[in-house]
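Colleague: Provided below are the primary sequence and the corresponding predicted coordinates.
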Amino acid sequence: MTWYTLNLGNKKVKYTPLSAEIKEYPSCDSEGNILKRVSGKFEKGHFVNEETGEIHEKAFKLINGKASSGWTGKIKEVNNPVYCEKSQAEDILTEKEYLVESDSLFKELAEKNQAVTFKGWFGNGYKVYRVFITPSELYKGYCIMKCGRGVKSEIIRQIVGDLKDYRELQEELKKVEVTIAEVNKASLDDIEV
């Protein structure tokens with residue numbers, strides 16, 4: 001965790017980036033056996049099963065114990081969206097953001113001060129996002145769709161915990177330094193025989 005300083009008018013502030021840990025899935029063959037990627041220099045790259053030595057041109061990702069080829073296209077339908085308090089949408093670490101046009105959804109969410117949430121994907125690959133749609137405060141009649149894989153409260157909880165541990169460690173180091181300084185002050189002449 002890196003903290004940066006900023007002079008903001010007559011105030012000094014410190015800030016640190018909020019970044020989510022993104023889960024990486026191991027490569028595997030169609031049966032779920034783990035594969036290692038071999039980068040090609042003068043030949044095409046491939047994947048190798050280190051146990052059997054088998055070479056594979058195509059690899060899948062091992063997700064929940066099963067080989068998956070990922071998701072393609074954009075999500076088209078959500079059968080069971082979950083409605084929640086609008087404030088919950090502020091906790092998502094936004095990676096993608098979209099403008100949503102739907103008068104009926106805007107009115108429903110604005111009247112109830114709610115957001116709608118679901119899991120979705122956008123494009124090819126293995127990224128599944130948590131999605132929140134909220135009525136826009138600035139652009140009346142429109143909603144904003146926020147997508148992200150990180151949750152701010154978890155990241156901040158970890159940063160604050162690390163910071164607390166760091167401060168406690170600093171206090172312990174100060175105590176040790178004071179003890180060392182006192183030991184160093186004592187000379188051999190001060191010792192009574």
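Modeller: The structure has been received and is ready for your questions. Here the structure is a predicted model, which is why all the values come from computation and not from measurement. Residues are numbered from 1 along each chain as shown.
Colleague: going forward, measure contacts between C-alpha atoms and count neighbours the same way
Modeller: Will do.
Colleague: If you count neighbours, what's buried in the helix or strand of the chain with the lowest mean pLDDT?
Modeller: Sorting the helices and strands of the chain by mean pLDDT, DSSP states H and E puts helix 152-185 at the bottom, at a mean of 74. Residues Lys152, Ile155, Ile159 are the ones in helix 152-185 that count as buried (16 or more other CA atoms under 10 Å).
Colleague: Closest one of those to Leu105?
Modeller: Nearest to Leu105, judged by CA to CA, of those is Lys152 at 25.9 Å.
Colleague: how about the closest one, what does it touch?
Modeller: Contacts here follow CA atoms under 8 Å, 6 or more residues apart in numbering; on that basis Lys152 touches Leu18, Asp91, Ile92, Leu93.
Colleague: residues touching the residue nearest to it when sequence neighbours are not counted, list them.
Modeller: Spatial nearest neighbour of Lys152, chain neighbours left out: Asp91 (5.1 Å); criterion: CA to CA, 6 or more residues apart in numbering. By CA under 8 Å, 6+ apart, the contact set of Asp91 is Val151, Lys152, Ser153.
Colleague: pLDDT value on Asp91, please?
Modeller: Listed pLDDT for Asp91 reads 90.
Colleague: Next, give phi and psi for it.
Modeller: When read as degrees, to the nearest 10, the backbone of Asp91 gives phi -90, psi -10.
Colleague: And Lys11, by the same measure?
Modeller: phi -110, psi 150.
Colleague: gap between it and Val160?
Modeller: Counting by CA to CA, to the nearest Å, the gap from Lys11 to Val160 is 21 Å.
Colleague: what bridges to Lys119?
Modeller: Arg130 (DSSP bridges).
Colleague: that older thread, mark which of the contacts of Lys152 are part of helices, please.
Modeller: Among the contacts of Lys152, no member falls in helices (criterion: DSSP state H).
Colleague: picking that back up, what would the buried residues of helix 152-185 look like in CSV with distance to Val128?
Modeller: Output for the buried residues of helix 152-185, formatted as CSV (distance: CA to CA, whole Å):
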residue, distance to Val128
Lys152, 17
Ile155, 18
Ile159, 24
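Colleague: of all the residues you listed, which comes closest to His56?
Modeller: Out of the buried residues of helix 152-185, the member with the shortest distance to His56 (by CA to CA) is Ile155, at 37.7 Å.
Colleague: Show the contacting residues for that closest one.
Modeller: So Ile155 contacts Leu18, Ser19, Ala20 (CA under 8 Å, 6+ apart).
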